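A.B. asks: missing the sequence, but the structure's below:
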């Protein structure tokens, strides 16, 4: 158990809808990262937060947004969903500056 | 920009050694990690190495780093069927909660 909690585990929704994915980092970790993993593809970095502030942006679509709250949990909001947004979405947290990422088990999003 | 490359697939017989290779381009890479992803699960940190090290051994796992050639390898001794998974290498630069860049992943198939 990595200590990173993601909910829900599975999500099925229709095109055009909006969903929110939630992540609770390991206790004490200030930094949260979001990644997307599509079928047969590697991990695409979406966005990173540190102590409530956005730190870095990757290949995140304008339809997607995220935030990190004062209690350090983070939410990834996906709107106007398309079939191609179907993927595994992972959250990871990081303790010290140079420590490794610890991943949650992911949220599997299916857009029908 | 940063780029991390891995071969996509490796097949070995149970009991043999597996060697998974990774190359990276960022010369400021300071920390290099190996993660394992089993089907339907998140990424599990296996081991990591600092760039001032050439080798690190942890039970059946041996990590070799050739910093001059920017080449990283993971050797798994006495490979078991439970080692079947996707293996990702990742790199990050030092300081400031830098972005962590992942390779494409190598799918290891262990044949009984």
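C.D. replies: Perfect, thanks for sending it. What you see is a predicted model; the values in this text were computed from it and never measured.
A.B. asks: Could you find the closest non-adjacent residue to the most centrally placed residue in chain A?
C.D. replies: Closest to where the C-alpha atoms of chain A average out (C-alpha atoms, centre = their mean) is residue A:34, at 3.5 Å. Nearest residue to residue A:34 in three dimensions, chain neighbours excluded: residue A:46, at 4.2 Å (C-beta to C-beta, 6 or more residues apart in numbering or on different chains). Where you see a C-beta, it was placed from the backbone N, CA and C, and this is true even at glycine.
A.B. asks: Quick one: mean pLDDT for the helix or strand where that neighbour lies?
C.D. replies: Taking DSSP states H and E as the criterion, residue A:46 maps to strand A:43-50. Averaged over strand A:43-50, pLDDT sits at 92.
A.B. asks: Show me which residues of chain B sit near chain A.
C.D. replies: Contacts of chain B with chain A, taken as C-beta under 8 Å from any C-beta of the partner chain, map to B:30-31, B:33, B:35, B:41-45, B:48, B:88, B:90, B:92, B:94-97, B:99-105.
A.B. asks: Write the PyMOL selection for whichever of those are buried.
C.D. replies: For the buried members of the residues of chain B next to chain A, the matching PyMOL selection, counting by 16 or more other C-beta atoms under 10 Å in any protein chain shown, is:
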select buried, chain B and resi 31+33+35+42+43+45+48+88+90+92+97+99+100+101+102+103+104+105
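A.B. asks: ranges for the helices of chain A?
C.D. replies: Taking DSSP state H as the criterion, chain A contains no helices.
A.B. asks: Residue ranges in it under the pLDDT threshold?
C.D. replies: Where chain A drops to pLDDT under 70, the residues are A:40-41, A:97.
A.B. asks: And the strands in it, which stretches?
C.D. replies: Listed in chain order, the strands of chain A (DSSP state E) span A:5-7, A:10-13, A:19-24, A:31-37, A:43-50, A:53-57, A:64-68, A:74-78, A:87-94, A:101-103, A:107-111.
A.B. asks: Tell me which strands the second one pairs with, and in which orientation.
C.D. replies: It refers to strand A:10-13. Strand A:10-13 pairs in its sheet with strand A:107-111 (parallel), by DSSP bridges.
A.B. asks: Can you give the distance from the strand it pairs with to the centre of its chain?
C.D. replies: 12 Å (C-alpha atoms, centre = their mean, to the nearest Å).
A.B. asks: Taking strand A:87-94 as reference, get the angle to it.
C.D. replies: 150 degrees (axes from the mean of the first three to the mean of the last three C-alpha atoms, to 10 degrees).
A.B. asks: quick one: contacts of strand A:107-111?
C.D. replies: A:6-15, A:17, A:19, A:21, A:78, A:81-89 (C-beta atoms under 8 Å, 6 or more residues apart in numbering or on different chains).
A.B. asks: which residues does the residue nearest to residue A:28 when sequence neighbours are not counted contact?
C.D. replies: Spatially, and ignoring its direct neighbours in sequence, residue A:28 is nearest to residue A:95 (6.4 Å; C-beta to C-beta, 6+ apart). Counting by C-beta under 8 Å, 6+ apart, residue A:95 touches A:26, A:28-31.
A.B. asks: Any residues of chain A in contact with chain B? List them.
C.D. replies: Residues of chain A lying near chain B (C-beta under 8 Å from any C-beta): A:2, A:4, A:31, A:33, A:35, A:41-43, A:45, A:48, A:50, A:55-56, A:58, A:90, A:92, A:94, A:97-98, A:100-106.
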